[in-house]
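Novice: One predicted model, sequence on top.
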Amino acid sequence: MLRCIAVDDEPLALALLQDNISKLPYLQLVASCANALEAIKVMQEQPVDLMFIDIQMPGLTGLQLIETMVHKPMVILITAYKQYALESYNLDVVDYLVKPVPLERFIAACNKAYELYRLRNSSAADKKPATYFFVNVDYSLLKISFADVIWVEGLRDYIKIHLKSPQKPVVVRMSMRSIEDELPPSDFIRIHKSYLVAIESITAIKKSSVFMGDIELPVGDTYRDAIEAITRR
């Protein structure tokens, strides 16, 4: 069963989305939201596997919400606008539906999400958890242990991986989103658009800073709730 939420500021569109979701036995609608901020609150309080969301909404748009999420669910965008399709796929959405959405097209998108969910869960059950990852450095693949990573710094098209082992930080042509996908979310946390840190390495937390010994890194406004959450573990 996929736990899902529906997000749309148009009441009629939201009602239609709710009705379509009810037709699929593997979908469980846990909340309907009129804006992105309501959706954030829901996802902070309970697990969500799949989010159906409009793009153009007052305040935070659907795309902006996806960009701000550290650990996002699968996403199906449902919008009246075609021009955001390319941008949305750069955010790894499952599908992009243009209103009005035929029921068969909606079902096809949901089936895609369900198959992806099953694949991810079967893979997780069959494989032992990884303890390392590889990055491309100087035309070779460098193996890095999760436990060796202290923090990661975003540098435009590159990242700098700071390690415990006595060697220089590793600079890799890679996005912060890509490295975030490589690292286990239970052990690492995004604290800023340019910083991701190992939770175990954190020695102190202030309202707008995280410390790892003598190293102080800023906490972005978007990530403060996530930081507060780890203090309540």
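Specialist: Looks like it arrived, so ask away. As the structure is a computational prediction, the values presented were derived from the model and not from experiment. Numbering: from 1, shown residues only.

Novice: so where is this protein shaky, pLDDT-wise?
Specialist: Within the chain, the ranges that satisfy pLDDT under 70 run 123-127, 233.

Novice: Can you give me the buried ones in stretch 113-122?
Specialist: Within stretch 113-122, the residues scored as buried using 16 or more other Cβ atoms under 10 Å are 113, 114, 117. Using the backbone N, CA and C atoms, a C-beta is placed for each residue, glycine as well.

Novice: what sits up against it?
Specialist: For stretch 113-122, contacts defined as Cβ atoms under 8 Å, 6 or more residues apart in numbering pick out 2, 26, 49, 50, 74, 76, 94, 95.

Novice: Tell me which two in those are the farthest apart.
Specialist: Spatial extent of these (Cβ to Cβ) is set by the pair 26 and 95 at 15.7 Å.

Novice: More neighbours: these two, which one.
Specialist: residue 95 (20 against 13; other Cβ atoms under 10 Å).

Novice: So which residues of the chain form helices?
Specialist: 11-22, 36-45, 62-68, 85-89, 103-126, 176-182, 224-231 (DSSP state H).

Novice: okay if I get the buried residues of stretch 113-122 as a markdown table plus distance to residue 86?
Specialist: Formatted as a markdown table, the buried residues of stretch 113-122 follow (distance: Cβ to Cβ, whole Å):
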| residue | distance to residue 86 |
| --- | --- |
| 113 | 20 |
| 114 | 25 |
| 117 | 25 |
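
Novice: check contacts around residue 145.
Specialist: Residues near residue 145 by Cβ under 8 Å, 6+ apart: 131, 132.

Novice: what number of residues lie near the nearest residue to residue 129 once chain neighbours are set aside?
Specialist: Closest residue in space to residue 129, ignoring its immediate chain neighbours: residue 184 at 7.3 Å, by Cβ to Cβ, 6 or more residues apart in numbering. For residue 184, the neighbour count with other Cβ under 10 Å is 12.

Novice: So what does residue 129 look like in phi/psi?
Specialist: phi -60, psi 130 (degrees, to the nearest 10).

Novice: do residue 73 as well
Specialist: Dihedral angles phi and psi of residue 73 (degrees, to the nearest 10) take the values phi -80, psi 180.

Novice: I figured it hits residue 42, correct?
Specialist: No - look at residue 73 against residue 42 with Cβ atoms under 8 Å: they stay out of range, at 10.7 Å.

Novice: Spit out the residues that contact these two alike.
Specialist: residue 48.

Novice: Neighbour count for those two, which is higher?
Specialist: The residue with more neighbours, out of residue 73 and residue 42, is residue 73; 19 against 16, by other Cβ under 10 Å.

Novice: now that one: how far from residue 195?
Specialist: 23 Å (Cβ to Cβ, to the nearest Å).

Novice: do residue 18 as well
Specialist: 39 Å.

Novice: higher neighbour count, the two?
Specialist: Taking neighbours as other Cβ under 10 Å, residue 18 and residue 195 compare with residue 195 leading, 19 against 14.

Novice: Look up the closest residue to the more buried one, ignoring the ones flanking it.
Specialist: residue 217 (4.9 Å).

Novice: Ok, residue 95 next?
Specialist: According to Cβ to Cβ, 6+ apart, the nearest residue to residue 95 is residue 109 (3.8 Å).
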